[in-house]
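Visitor: Output the structure for:
(2 chains)
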Amino acid sequence: MSNLKRNRRIDKGFKYVGIGCTLFGLLMLVIFIGNILIDGLQRIDWDFLTNLPSRKAEKSGILTAWTGTAWILALTAMIAIPLGVAAGIYLEEYGKKNRIAAMVEVNIANLAGVPSIIYGLLGLEVFGRLMNLGASLLAGAFTLAILILPILIVATREALKAVPNTLREASYAMGATKWQTIWHQILPAAGGGILTGIILSLSRAMGETAPLIVIGALAYVPFVPKSPMDEFTVLPMQIFNWVSRPQHEFLVNGAAAIIILLLITFIMNGIAVYLRNKWQKKITW
Amino acid sequence: MKKPGERVIEGALAFSGLITILTTVGIIVVLFSESFTFFQQVSIFDFLTDTQWTPLFTQKHYGIMPLLMGTFLTTAIAIATALPIGLTIAIYLSEYANKNFRKTVKPALELLAAVPTVVYGFFALTVVTPFLQSIIPGVGSFNALSAGIVMGIMIIPMISSLSEDALHALPKSLREASFGMGATPFQTAFKVALPAASSGIIVSIILAVSRAIGETMVVAIAAGQQPILTFDPRDGVETITAYIVQVSLGDVQHGSIEYKTIYAAGITLFLFTFTLNNVSYWVKKKYQEKYE
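Guide: Below you'll find the predicted structure:
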C-alpha cells in the first residue's frame, strides 16, 4: 500500500507547486506594479503632464510624449482598421478555399511571429526613405499599422467565425447578395468581437518602442506635433530615454511615465475584456 | 450572377489581404538587398567566424558570433525561467484548478502579457538586477541574467496560456480512462495528458523561443551593450536586437557600412525567427487534429 500512499503524496505535493507557480506569476505582477507606484507616484502632478522635456529631471514633463502617443494611435487606427477588417472579411467570408487565401493564411501566421524590430527595419527603408516620410508621425503610424495587421486580421476572423451559418442562410433566403449579407447581418453580429480585437491591437501598438527607435523617432522632441509630417516621440520612447540615463531623478521620471502608460494600457485592456464579456452574454446563438 | 458592385467590393477586400503578402515580400527584399551590399564589403566567412564585433570602432571587426551568443544566452535563461513555471501553471489550471479559479487567474496572467516591454526593462534594471547583486557576487549593473529572467517572466503567460489551451482541448474520455485505472491526477497529467497534448505544448515552446530571440527593449535596457563572447550570465552582453537599437540611436550615416550592419544583423535575426515560426506552424498543422 505504500506505493499508493506515495503516489497520493506526490499528487498533493504537485498541487501545491502548481498553486505556488500560479501565485508567483501574479505576485510578480503585484511587485512590479507596487514598485513602480512607489517610485513614480510622487512625481505625477499637473506640471508633469503639461511640461516639455527638459535637461533637468525635476522640470521635465511628458507633454510631447503623450500627445505623440495620441497622434500615433489615431493615425495607426485610421490605417490599420480598414485594412485589417477588410482582409479578415475576405479570408473568412470569400476566399476560404482558394490558393491565395491559403497562402495568405500561412503568411499571417508567419508575420505574427516576426520580431517588432524587423518591422522597424522595413519601415525605415520603405516609409522613411522610399516614400520619403523620414522619421515623421506618418512613417511611424504606417510601420505600427503593418505590425498590428496580423493581430487585427486574426481577431476579425475569430469574430466572424463565431457568427452562426443560419444567419447567413436566412439572409440569402431573403434574396440578399453576399455583400448585403455581410454588411447588414454579419458585421453587426460580429461587431463586439471585432471591436475587442481593434482595441487590443491598438494597445499593442501603443506599447511598441523598438520599431520606432529604428525608423529614427527621437527621444527628445521639444515641441508638440502639429501635423502628421512632424517628428515625434511617444511615451515608451520617453521612458526608454529616461531609464537609460544614470541619474536617479530620471529613473523616477521614467517610473512616473510608466504609471501613465500602464494606466492607459490597462484601461484599454479592461474595455476590451468588458466588451467581450458583454457581447458573449447578450447573444446566445 | 454577381452584380458589378459586388465584384468591386470583393476585389478591394482581396487587395487588403494581399497587403500582408506585400509586407512579407517587403521584409525579405529590404533585408536581402541591404545585406547584399554589406556582404560585398565583408566576406560571409568573416561574418560567421570572426569572434569580434566592433563595427563602430576604428579597428573594425564584423563577426556576428558575440551578438549571437548574447542572444542565445539571454534566450536560454528566459526559457529556463519560463518553461518550468509556465508549464506547471498550465497543468495546474487545466488538471487541478476549479473553473472559477481558472476564470479569474487566466485574464490576470494575460494582463502580464499586455504590459509594454519597455516596462519590463525598467523592472529588470531597477528591481531584479539590484536583487541579484545582493545575492550573487560579481553581477554587473548590466547583465544577461537579469534581462533573461525578466524576459522569462514576460513569456510565462505565453507558454501557460497556449499549453493550457492544448491540454484543455483533449477529450475528457482520455482522462476518465486514466482515472478509471486508478491513476492519480498527477499521473494522469504527466503520463496521459502531457504526451497527448505534446504537439501543442511544443508549439508554445517554439513560439516562446522565437519571441525571446526577437525581444528588444528588455535586453537593450538591462543586458548592456558589450558584444563580448561569454557564457557567464553575470556579465553584460549585447544581443542582435540591442545592437540594432544602439546603432539606430546614434547618428550613423545612411549608406555607410556601419548602417548596413543593422541589416546584416537583422537578416540573421529574421532567419532564426522565420525558421522557428515555420517549424511551429508545421507541427501545428501536422499533429493538430489527432484527437478531434
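Visitor: From what I see, residue A:222 and residue A:60 are in contact.
Guide: No - under the criterion of CB atoms under 8 Å, residue A:222 lies out of contact with residue A:60, with a separation of 11.2 Å. For every residue, glycine as well, the C-beta is placed using N, CA and C.
Visitor: Not counting residues beside it along the chain, what's closest to residue A:225?
Guide: residue A:232 (4.9 Å; CB to CB, 6 or more residues apart in numbering or on different chains).
Visitor: now do residue B:203
Guide: residue B:280 (4.7 Å).
Visitor: Kindly report the same for residue B:273.
Guide: residue B:210 (4.7 Å).
Visitor: Next, count neighbours for residue B:8.
Guide: Here the neighbour count serves as a burial measure; for residue B:8 (other CB atoms under 10 Å in any protein chain shown) it reads 11.
Visitor: repeat for the one 3 residues further on
Guide: One way to gauge burial is a neighbour count; for residue B:11, by other CB under 10 Å, it gives 10.
Visitor: ok, now which ones touch residue B:10?
Guide: Taking CB atoms under 8 Å, 6 or more residues apart in numbering or on different chains as the definition of contact, the neighbours of residue B:10 are A:90, A:94, A:179.
Visitor: residue contacts, the second one?
Guide: I take that to be residue A:94. By CB under 8 Å, 6+ apart, the contact set of residue A:94 is A:101, A:178, B:10, B:13, B:14.
Visitor: Could you measure from the second one over to residue B:264?
Guide: Translated: residue A:178. Distance of residue A:178 to residue B:264, computed by CB to CB, to the nearest Å: 48 Å.
Visitor: For those two, indicate the residue with more neighbours.
Guide: Summary of the neighbour comparison: residue A:178 and residue B:264, criterion other CB under 10 Å, with residue B:264 having more neighbours (24 against 18).
Visitor: average pLDDT for the host helix or strand of that one?
Guide: Assessed by DSSP states H and E, residue B:264 sits inside helix B:257-287. When pLDDT is averaged along helix B:257-287, the result is 89.
Visitor: Could you do stretch B:221-241 as well?
Guide: Stretch B:221-241 comes out at a mean pLDDT of 87.
Visitor: ok, that stretch near chain A or not?
Guide: Yes - using CB under 8 Å from any CB of the partner chain, stretch B:221-241 reaches chain A at B:221, B:241.
Visitor: What separates the first and last residues of that stretch, distance-wise?
Guide: End-to-end distance of stretch B:221-241 (CA to CA, to the nearest Å): 11 Å.
Visitor: Could you tell me how many residues sit around residue B:179?
Guide: Number of residues near residue B:179 (other CB under 10 Å) recorded here: 14.
Visitor: was I right about it contacting residue B:186?
Guide: No - the pair residue B:179 / residue B:186 is not scored as a contact, 11.7 Å apart, by CB under 8 Å.
Visitor: any chance you could map the helices in the stretch 51-200 of chain B?
Guide: B:65-91, B:99-114, B:117-123, B:129-135, B:144-168, B:172-180, B:185-187, B:194-196, B:198-214 (DSSP state H, counting those that start in this stretch).
Visitor: Relative to residue A:67, which of the ones you listed is closest?
Guide: Go through these one by one with CB to CB and the one that ends up closest to residue A:67 is helix B:117-123, at 18.4 Å.
Visitor: remind me which residues of chain A are low pLDDT?
Guide: Where chain A drops to pLDDT under 70, the residues are A:1, A:96, A:280-285.
Visitor: Please see if stretch A:23-35 touches chain B.
Guide: Yes - if you take CB under 8 Å from any CB as the test, stretch A:23-35 does meet chain B, through A:24, A:25, A:26, A:28, A:29, A:31, A:32, A:35.
Visitor: about what we covered before: which stretch in the helices of the stretch 51-200 of chain B has the least confidence?
Guide: Of all those, mean pLDDT reaches its minimum on helix B:99-114 (a mean of 83).
Visitor: Tell me the buried residues in that one?
Guide: Along helix B:99-114, these residues count as buried under the neighbour rule (16 or more other CB atoms under 10 Å in any protein chain shown): B:102, B:105, B:106, B:109, B:110, B:111, B:112, B:114.
Visitor: Format those as CSV; extra columns: distance to chain A.
Guide: Supplementary listing: the buried residues of helix B:99-114 in CSV, determined by distance: CB to the nearest CB, whole Å:
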residue, distance to chain A
B:102, 10
B:105, 6
B:106, 10
B:109, 6
B:110, 8
B:111, 7
B:112, 5
B:114, 5
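Visitor: OK, contacts around the closest residue to residue A:210 other than its chain neighbours?
Guide: What sits nearest to residue A:210 in space, not counting adjacent residues and going by CB to CB, 6+ apart, is residue B:216, at 3.9 Å. Contact partners of residue B:216, counting by CB under 8 Å, 6+ apart, are A:115, A:116, A:117, A:209, A:210, B:117, B:241, B:242, B:244, B:245.
Visitor: got those as JSON lines, with distance to residue B:47, neighbour count and secondary structure columns?
Guide: Formatted as JSON lines, the entries for these read as follows, by distance: CB to CB, whole Å; neighbours: other CB atoms under 10 Å in any protein chain shown; DSSP: H, G, I helix; E, B strand; the rest coil:
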{"residue": "A:115", "distance to residue B:47": "20", "neighbour count": "25", "secondary structure": "coil"}
{"residue": "A:116", "distance to residue B:47": "24", "neighbour count": "25", "secondary structure": "helix"}
{"residue": "A:117", "distance to residue B:47": "19", "neighbour count": "29", "secondary structure": "helix"}
{"residue": "A:209", "distance to residue B:47": "28", "neighbour count": "28", "secondary structure": "coil"}
{"residue": "A:210", "distance to residue B:47": "23", "neighbour count": "27", "secondary structure": "helix"}
{"residue": "B:117", "distance to residue B:47": "28", "neighbour count": "24", "secondary structure": "helix"}
{"residue": "B:241", "distance to residue B:47": "18", "neighbour count": "31", "secondary structure": "helix"}
{"residue": "B:242", "distance to residue B:47": "18", "neighbour count": "30", "secondary structure": "helix"}
{"residue": "B:244", "distance to residue B:47": "16", "neighbour count": "27", "secondary structure": "helix"}
{"residue": "B:245", "distance to residue B:47": "20", "neighbour count": "26", "secondary structure": "helix"}
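Visitor: Just the closest of these to residue B:229, please.
Guide: Using CB to CB, residue B:242 is the member of the contacts of residue B:216 that lies nearest residue B:229, at 15.4 Å.
Visitor: gap between the closest one and residue B:221?
Guide: As defined by CB to CB, residue B:242 lies at a distance of 9 Å from residue B:221.
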